[in-house]
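Novice: Provided below for reference: sequence and predicted model.
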Amino acid sequence: MTAKDLKVLENWRNKQKMGKWKYIAVYGGFFMLLMLIFRNIGDYFSDKLPLDFFTIKNILKQLISAGIAGLSYGLISWFMNQRTYKKLIIKQINEGNS
């Protein structure tokens, strides 16, 4: 195994300690925040910012859509990292048996 593989294993072991839902909340929440910021900055500079931007309805709509995206990102990221982790563990076991 390469040094990069060992680093990936160690990093993922540390992140697994926080648990799946906390991981999803932290990384999905960060993605949600970035999505809200960049989407609204993009709308502002392209003059597409709606007139009803500061209404409760618009704010809830943005929070819900960004929340769904953040949750999706967190879940997909968790499962992809788990899959990579399992593959690296199998690779480590196979190399240890050779």
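Specialist: Noted; the coordinates are in hand. Numbers count the residues shown, from 1 in each chain.

Novice: give me the mean pLDDT for the longest helix seen in the chain.
Specialist: Counting by DSSP state H, the longest helix found in the chain is helix 56-97. For helix 56-97, mean pLDDT is 93.

Novice: that helix - contacts with which helices or strands?
Specialist: The elements that helix 56-97 packs onto, with contact taken as 3 or more C-beta pairs under 8 Å, 6 or more residues apart in numbering; DSSP states H and E, are helix 3-16, helix 20-45. C-beta: built from backbone N, CA, C; applies to glycine.

Novice: list of residues touching the shortest one?
Specialist: In this case it means helix 3-16. 23, 81, 84-85, 88-89, 91-92 (C-beta atoms under 8 Å, 6 or more residues apart in numbering).

Novice: and these, which are buried?
Specialist: 23, 81, 85, 88 (16 or more other C-beta atoms under 10 Å).

Novice: now residue 26, nearest residue through space, not along the chain?
Specialist: Among residues not flanking residue 26 along the chain, residue 18 sits closest, at 7.2 Å (C-beta to C-beta, 6 or more residues apart in numbering).

Novice: how about the CA coordinates for stretch 67-83, as PDB?
Specialist: Output of stretch 67-83 as PDB, limited to C-alpha atoms (Å, rounded to 0.1, in the frame of the first residue of the first chain):
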ATOM      1  CA  GLY A  67     -30.800  21.500   2.900                       C
ATOM      2  CA  ILE A  68     -31.800  18.700   0.600                       C
ATOM      3  CA  ALA A  69     -28.600  19.200  -1.400                       C
ATOM      4  CA  GLY A  70     -26.500  19.200   1.800                       C
ATOM      5  CA  LEU A  71     -28.100  16.100   3.000                       C
ATOM      6  CA  SER A  72     -27.600  14.400  -0.400                       C
ATOM      7  CA  TYR A  73     -24.000  15.500  -0.500                       C
ATOM      8  CA  GLY A  74     -23.400  14.200   3.100                       C
ATOM      9  CA  LEU A  75     -25.000  10.800   2.400                       C
ATOM     10  CA  ILE A  76     -23.200  10.300  -0.900                       C
ATOM     11  CA  SER A  77     -19.900  11.400   0.500                       C
ATOM     12  CA  TRP A  78     -20.300   9.100   3.500                       C
ATOM     13  CA  PHE A  79     -21.100   6.000   1.400                       C
ATOM     14  CA  MET A  80     -18.400   6.700  -1.200                       C
ATOM     15  CA  ASN A  81     -15.800   7.100   1.600                       C
ATOM     16  CA  GLN A  82     -17.000   3.900   3.200                       C
ATOM     17  CA  ARG A  83     -16.700   2.000  -0.100                       C
END
